[in-house]
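Undergrad: build me a structure from this.
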Amino acid sequence: MKNSLNIDETSEQPLLNYTELKKINEIIVGTNKVSCFKAHEKFLAIGTYDGYIYIFDFLGNKIKEFKSYEASVNDISFDFKGDYIGSCSVDGNVVINGINTDKSQQYTFPQVIKSIAIDPEYGVKKSQSFIYGGVSGNIVLRSKGFFKTNDLLIHSNEGTIYSINWTNQYVTWSNNNGIYVYDIINSKIIHNILRPLNSPRPDGFRCFFKWKGSKLAIAWGNFLSICELKKDLYKNENTPSKMSAIYYQIFDFFICGISFFDSNLLLLTMEDDELLLELDGTKTTQKKLKKSKSENQSNLRSETETDNLTQTETETDIEPPQKTQENTNNENINNENINNENNNNENNNEEKEIIDEKKIIVDEKKQIKSNEGLIIRLINLEGNEIATEKCQIRLRSKPNPLEYHLENNENEKKLFFSSSQQVLSAQKLSVDNKISWLVKVSKFKSAITLAKENPKELKAYTYQDLGEKHLNHLFQNQLFSEAINDCSWVCEKEEGLWAKWIQKFIENDKLDDIISKIPIKTPKLDPKTYQSILNYYLQKDIEKMNELIEDWPINLYDTQVLIQFIQENIHKQETKENQENYLITLANLYSKTDKHEQALDIFLKIKKGDVFGLINEHNLFDSIVDKVQQLIEFSVEETIDLLVKNNDRLPIDKIVPQLKHDAKLLHLYLDGIFEEDPLISRKYHGLQLNLYVQFAPEKMMNFLKSSTSIPLEKALEVCRENHLIREMVFIMKRMGNAKQTLDIIIKELKDIKQAIEFVQEEGDKDLWNDLIKYCLTNPNYLSDLLDHTLSTKFDILQVVRRIPPKMQIPHLQNKLTAILDDFKLQVQLREVTKDIIEKDCTDLMFVFYKQSRRGRRVTSSQHCYLCGESILNQPHQNSIVFNCGHAYHKSCLSDTLNIKTDDVDNRQIIQKEISR
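TA: So this is what the prediction gives:
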């Protein structure tokens, strides 16, 4: 029977659908209440306070029952295949029953056994091992030997063992000190978590272990830890794994059960202040509970912001435990072996995780008021809470955390909840169920997302139906901002939906908010839809219409209709601003329809728009040749730039007459042209002389140097009138008036260095004498002359000799010393240079001599230039061969030169060769 959830009473979507297993609940009544509860992949198992063990299928049908004990059943364990079930009781008995057979084995111990875990391969291995523990504080592995039963002590002396789990090769257990993870193959403890300080009593809560792959979730009382195995890939398979905690948190509620739920973790939790006082008598807890709610939250917030959880995770090496022998009548563990084991543990100096109470993370957002019953909390493996809901199981007036259980079956994807007198099964909501709940609580966006993600599971809804329901709901409640944001992903590529909802936005005067989301490409809507939008803005907001015309492609609507309407209504506008807006719209439409000249005229008229971009983009230079003044009124800087850069399309002879009325503008234009290419404006260089003097005298020198079309006499006159001395010097140099130029440099500029450079350029000794004469009249000038004469080609002694005897020259001694040092340096440089040249000549002559002395290859094809016979024809006759290729018999040369053979020397031969 399914419990129907009251959707109107909850603000959050339910996580689960619950089903009460009535057949089970009919059995667990009276004193036969549930004491322990476990789920296998094939069935459910329940242990009761009356000592019964029941096996049920997942529908609640009883499969088998065992009356194994006279007292309460403490724990249940299965093998992997589900063929055997092990259990333990308060009376110290352990019973292992076959589920599919009548096999049963019973073991009796002198102390209470709290927990048992049988070997996952119990039905396969002959050893039929199981691990048990209880109030004795010993964790013992019992297995069958050939003749007797063997007990292996794994761990001891840390208080009562409360729970044990055996999965694959890993055994986990909890005791008074904390929790251990043990590698049974390698006989080594690989992880240990100490109980937090001031935590509740360990016997008041059940400790839970849940494996999923390499991850282990551990919960006990109010703390939760998630650990992960990490194997070393570079070691062999038998090397022990390492385990580390990836998440640890202490809550302000109690955990009554845990289960993996897809990739998350489901917690069955309870919060009760009175129960906390009862199970934890520490002063710290009592003080905390006496504080007001606001103070407590403030403290929790402070701890959360300032402290972080710290854990020390270490791997503890435990030596292989010693085996003990015991008969069936004596179940006591040999104390000597226990002491040896304790000594081994102490010698190993185990480093354990210590959780500082001051560094516990508490999330106050996750608090639920006390006494609200059992709360299901869904968290991810990083500890972030995803969802919560109230569990449907019934609670007693004074609940006990030990009464409640949570188990899961991954194959059936079901969860099972139990109390002492009730068992429920639960499973996730179907997609249609979730959507129904979301629609009823008006969470349409979530419903649409869910439908989009699970299209194959939809039966009662379609994606489009949900979208329209959502938008209708938003419009009915006038939630236009949300409707605007959601319209695009609801309508997507459906043209009909877009047209329908655009019209609704127009009717509600909310088109401004949705306009940016209206598609113009994919999908492309009906032209009538776009036309209706432009008609709306033509009457409501002409500026917005201009933006749309600029942004939208021209083929979306009928431009001719709009142009005609605007032309008819421009003069009907009452304000100048409206008229300008209509004209801008008209210009934009002209531009869109390739009537760019008409658009340009409108922009120039109203002095708005991207005039220069329009001219450059559409090559409208012919249209503006006679509109320079309008362009200047629009923007001086951009106009000059446009005229200069496009001087080939805008001739200078047509532009200058339009600018003559304004000398400043004419200067800017001609200066720009001159910098672009001086030859273009050479016709106007005479005009530019006065313009540069008036507006940019600093550019006059560059203008004079670059121009070859300036009348020099006029330029000299203009410079003299405006006292431009340096420019006068430059012009006079070009005119060839050397003496006048030197006179101006000395008398007007008083720049001796420039005068020396000028004289050196001219190379005229008369100018040098004139410069010396002038400098002799002033000691300071003479001092400057001595400083700069070193770098000239003129004779410095001529200057020194002509210095008047009694003239006081500043720093004369230093200057003469510098002159002498420089002269000495020049002499040394000449000597070094001479030595280098002589050495290079010697080296080159030696190379030339060696090359000249080299042998030369002679063949029979070479002939004597005198007798015509082969050079090699007379083997005993000496021959002479030149590098140029001429060859002679020595005897032929002697006959020709009329000298004896012995007297023929090389000089005569060379002279003969040269004469030839």
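
Undergrad: residue boundaries of the helices in the stretch 351-500 of the chain?
TA: Using DSSP state H, counting those that start in this stretch, the helices of the stretch 351-500 of the chain run over 431-440, 444-453, 463-476, 480-491, 495-507.

Undergrad: what mean pLDDT does the fourth one have?
TA: Mean pLDDT, taken over the full extent of helix 480-491, equals 84.

Undergrad: which residues sit against it?
TA: Helix 480-491 is contacted from outside by 445, 448, 467-468, 470-471, 474-475, 497-498, 501, 505, 508, 510, 513-514, 517, 519, using Cβ atoms under 8 Å, 6 or more residues apart in numbering. In short, each C-beta sits where N, CA and C put it, glycine included.

Undergrad: just the buried ones from the residues you listed?
TA: With burial judged by 16 or more other Cβ atoms under 10 Å, the buried subset of the contacts of helix 480-491 is 445, 448, 467-468, 470-471, 474-475, 497-498, 501, 505, 510, 514.

Undergrad: separation between Ser860 and Asn878?
TA: When distance is defined by Cβ to Cβ, to the nearest Å, Ser860 is 17 Å away from Asn878.

Undergrad: ok, Ala39 next?
TA: Distance of Ala39 to Asn878, given as Cβ to Cβ: 124 Å.

Undergrad: comparing those two, which residue is more hemmed in?
TA: Higher neighbour count among Ala39 and Asn878: Ala39, with 24 against 12, using other Cβ atoms under 10 Å.

Undergrad: wait, doesn't the more buried one sit right on Leu406?
TA: No - in this structure, Ala39 is not within contact of Leu406 by Cβ atoms under 8 Å, at 9.4 Å.

Undergrad: quick one on the thing from earlier: of all the buried ones among the contacts of helix 480-491, which two lie farthest apart?
TA: Ile448 and Lys510 (21.0 Å; Cβ to Cβ).

Undergrad: could you dump stretch 158-177 to PDB, C-alpha only?
TA: Presented in PDB, the C-alpha positions along stretch 158-177 are these (Å, rounded to 0.1, in the frame of the first residue of the first chain):
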ATOM      1  CA  GLU A 158      40.200  -1.000  23.600                       C
ATOM      2  CA  GLY A 159      36.800  -1.700  25.100                       C
ATOM      3  CA  THR A 160      33.600  -3.200  23.800                       C
ATOM      4  CA  ILE A 161      33.300  -4.100  20.100                       C
ATOM      5  CA  TYR A 162      30.000  -2.600  18.800                       C
ATOM      6  CA  SER A 163      29.900  -3.400  15.100                       C
ATOM      7  CA  ILE A 164      31.800  -5.500  12.500                       C
ATOM      8  CA  ASN A 165      31.700  -5.500   8.700                       C
ATOM      9  CA  TRP A 166      33.600  -7.800   6.400                       C
ATOM     10  CA  THR A 167      33.700  -6.800   2.700                       C
ATOM     11  CA  ASN A 168      36.100  -8.400   0.300                       C
ATOM     12  CA  GLN A 169      39.500  -8.400   2.100                       C
ATOM     13  CA  TYR A 170      38.700  -5.600   4.400                       C
ATOM     14  CA  VAL A 171      37.300  -5.800   7.900                       C
ATOM     15  CA  THR A 172      36.000  -2.800   9.800                       C
ATOM     16  CA  TRP A 173      35.000  -2.600  13.400                       C
ATOM     17  CA  SER A 174      34.200   0.000  16.100                       C
ATOM     18  CA  ASN A 175      35.100   0.000  19.800                       C
ATOM     19  CA  ASN A 176      35.300   2.500  22.600                       C
ATOM     20  CA  ASN A 177      38.400   4.200  21.100                       C
END
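
Undergrad: which positions in it come out as buried?
TA: Within stretch 158-177, the residues scored as buried using 16+ other Cβ under 10 Å are 158-166, 170-175, 177.

Undergrad: Leu266 - nearest residue in space that isn't next to it in sequence?
TA: Leaving aside its sequence neighbours, Leu266 sits nearest to Ser259 (Cβ to Cβ, 6 or more residues apart in numbering; 4.8 Å).

Undergrad: so how many other residues sit close to the one you found?
TA: For Ser259, using other Cβ under 10 Å, the count is 23.

Undergrad: repeat that for the one 3 residues further on.
TA: Other residues within reach of Asp262, judged by other Cβ under 10 Å, total 10.

Undergrad: got it, and Lys705?
TA: So Lys705, with other Cβ under 10 Å, has 11 neighbours.

Undergrad: contacting residues around it?
TA: Lys705 neighbours (Cβ under 8 Å, 6+ apart): Phe730.

Undergrad: low-confidence ranges in the stretch 101-250 of the chain?
TA: 232-239 (pLDDT under 70).

Undergrad: show me where it has its strands.
TA: Applying DSSP state E, counting those that start in this stretch to the stretch 101-250 of the chain gives strands spanning 104-108, 113-118, 130-134, 139-144, 149-155, 163-167, 170-174, 178-183, 188-194, 207-212, 215-220, 223-230, 242-250.

Undergrad: so Ile46 sits in a strand?
TA: Yes - counting by DSSP: H, G, I helix; E, B strand; the rest coil, Ile46 is found in a strand.
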